[in-house]
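>>> Next one to model:
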Amino acid sequence: MFYRLLLLGCIASSLAFAARAQSPTADTPIPSENTLDNWLRSGDPRLEAWAAHDALVTRNQNLLPDVLALAEKWQSLERQDCTGLPAPCQELSSEQMDEQDAMAEVLDTLIQLKASVSSEALRNLAPDFGDYVAILLPRLPDQESIPLALDFYRSPKQYSALQYISAALMALHPPYGFAGNLLASIRVNAFVAVFIPGFEGFGFGDGVGCGSPATESRPDWPRIGHYGFFRDSNSHSFKVIGGIDPVYAERSEYVRYYENQCPGSNSIYLSAGDRKLLIAEMLGTSPGAMAWDTTASTKIQFESAKQIDAAISIFVNDLEAKYRATARALIDKGLMGYPDIESSLPELDIVLMDERGPMAIPIPQPQNLPANVKWSSSR
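You can find the predicted model right below:
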């Protein structure tokens, strides 16, 4: 009986130890390399996250192949369409969110340990982890990164750091036709103020903002590294991509993976001004040397509707001539062809600001505007 009780005690102790080994927290000592390797192969998102976290803490290169293997087999998560459904409706289940958190931990480790992830894996990861992919993309050889960057640049998920860095990468190694597409994708806001003699109207402006992740406690999961993107470097940042306007990333830790959030002021996206900047880089010139800007304005003193029509036509033709000059310079660089000149011209959005007072007869849209010119009026 004594030996039976002793045996049962040993078994119970072993099971208790195993349970502790399978329930890591922030206070749990880092286990052996073999245990971490088993966690990476366990299929349990929480254990995978802890193993990736501990591999990063210990800078353990021996675990890198198994960490990388998790990234290589990722498949994009299937989301529930919450359109028209009552709140709270979550696109992802709690199990999917755990899988997402674990993969964010894996990608953070790969970034910090300076690993390279295959182009096919990055393609699969991009819909769920765009910011991480934006950092990993430039690490690929040019022959792999450029075709992938072109796909990310054309992706429906616009105005993201991934789209910007994809374009910046291609500006350094331009594929044929990219420059013309970049020029055509610029939207130039043009303001035409019409006023009566002695009065010249007003100015315009805009702005953007950015949120920050929520705060919560989660002691049974490791904290996850997120990345904010910045134009300027500091002692805590690293360069993601160089060129005419380098981009730097800085790491912050949060308890969960927060998609489409921006920790800090990292509002980097491919704006009209950025597109012009990258075109200047491909031309080997400065943006200021180009005769046009991404906003334009003119003031016209009203005499007659016919006179306004003629003045707007002159304004538009002058801008279009400047765009064509840039297109021809791209042709001279071998970046596009002559047949593509007209299709490469930026979209010109004209807003008529009629400052003549409420009793004035509305000014009609000018006749025969080019196809790439859009017209709207403040009245």
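>>> make it CA atoms for all contacts and neighbour counts henceforth
OK.
>>> can you give me the strands in this protein?
187-195, 224-230, 237-241, 247-254, 295-301, 347-354, 373-377 (DSSP state E).
>>> So which of those strands is nearest residue 29?
Nearest of the strands of the chain to residue 29, taken as CA to CA: strand 224-230 at 18.2 Å.
>>> neighbouring strands for that closest one, and are they parallel or not?
strand 247-254 (antiparallel) (DSSP bridges).
>>> And the strand it pairs with, what's buried?
Neighbour counts over strand 247-254 (16 or more other CA atoms under 10 Å) mark 247, 248, 249, 250, 251, 254 as buried.
>>> Can you pull out the residues in contact with stretch 26-45?
21, 47-48, 50-52, 54-55, 63, 66-67, 70, 98-99, 101-102, 219-222 (CA atoms under 8 Å, 6 or more residues apart in numbering).
>>> now the end-to-end length of it.
The straight-line separation of the ends of stretch 26-45 (CA to CA, to the nearest Å) is 16 Å.
>>> Kindly report the same for stretch 103-120.
16 Å.
>>> and if you look at stretch 87-96?
Separation of the first and last residues of stretch 87-96 by CA to CA is 19 Å.
>>> starting at the chain centroid, how far to it?
On the basis of CA atoms, centre = their mean, to the nearest Å, stretch 87-96 sits 24 Å off its chain's mean C-alpha point.
>>> ok, now stretch 271-281?
The answer for stretch 271-281 is 16 Å, by CA atoms, centre = their mean.
>>> pLDDT of that stretch, averaged?
Computed over stretch 271-281, the mean pLDDT rounds to 94.
>>> how much space between residue 309 and residue 239?
50 Å.
>>> likewise residue 46?
Distance, residue 46 to residue 239, using CA to CA: 31 Å.
>>> What is the burial count for residue 176?
12 (other CA atoms under 10 Å).
>>> Wait, residue 119 touches residue 148, no?
Yes: here residue 119 reaches residue 148: they are 7.0 Å apart, a contact under CA atoms under 8 Å.
>>> So, low pLDDT: which residues of the protein?
1-22, 156-159, 198-216, 260-267, 379 (pLDDT under 70).
>>> what's the single longest helix in it?
helix 305-332 (DSSP state H).
>>> Buried residues, that helix. List them.
Buried-residue list, helix 305-332, by 16+ other CA under 10 Å: 308, 311-313, 316, 319-320, 323-324, 326-328, 330-331.
>>> Tell me how far it lies from the chain's centre.
32 Å.
>>> Run the angle between it and strand 187-195 for me.
160 degrees (axes from the mean of the first three to the mean of the last three CA atoms, to 10 degrees).
>>> Against which helices or strands is helix 305-332 packed?
helix 178-184, strand 295-301 (3 or more CA pairs under 8 Å, 6 or more residues apart in numbering; DSSP states H and E).
>>> what's the most buried one of these?
Mean neighbours per residue, mean count of other CA atoms under 10 Å, is largest over the helices and strands packed on helix 305-332 for helix 178-184, with a mean of 21.
>>> who's in contact with that helix?
In contact with helix 178-184 (CA under 8 Å, 6+ apart) are residues 170-171, 275-276, 279, 282, 327, 330, 335-336, 340-341, 343-347.
>>> Please list only the buried members of those residues.
Buried among the contacts of helix 178-184 by 16+ other CA under 10 Å: 170-171, 275-276, 279, 282, 327, 330, 335-336, 341, 344-347.
>>> Show me the domain layout of this protein.
19-75+94-115, 177-201+271-379 (automatic domain parsing).
>>> Just to check, residue 331 is in contact with residue 338?
Yes: if you go by CA under 8 Å, residue 331 and residue 338 touch, sitting 6.7 Å apart.
>>> on that earlier part again, a markdown table please, covering the strands of the chain and showing distance to residue 90.
Formatted as a markdown table, these follow (distance: least, CA to CA, whole Å):
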| stretch | distance to residue 90 |
| --- | --- |
| strand 187-195 | 35 |
| strand 224-230 | 21 |
| strand 237-241 | 32 |
| strand 247-254 | 20 |
| strand 295-301 | 40 |
| strand 347-354 | 38 |
| strand 373-377 | 39 |
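>>> Am I right that residue 89 is in contact with residue 82?
Yes: contact criterion CA under 8 Å: residue 89 and residue 82 qualify, at 5.9 Å.
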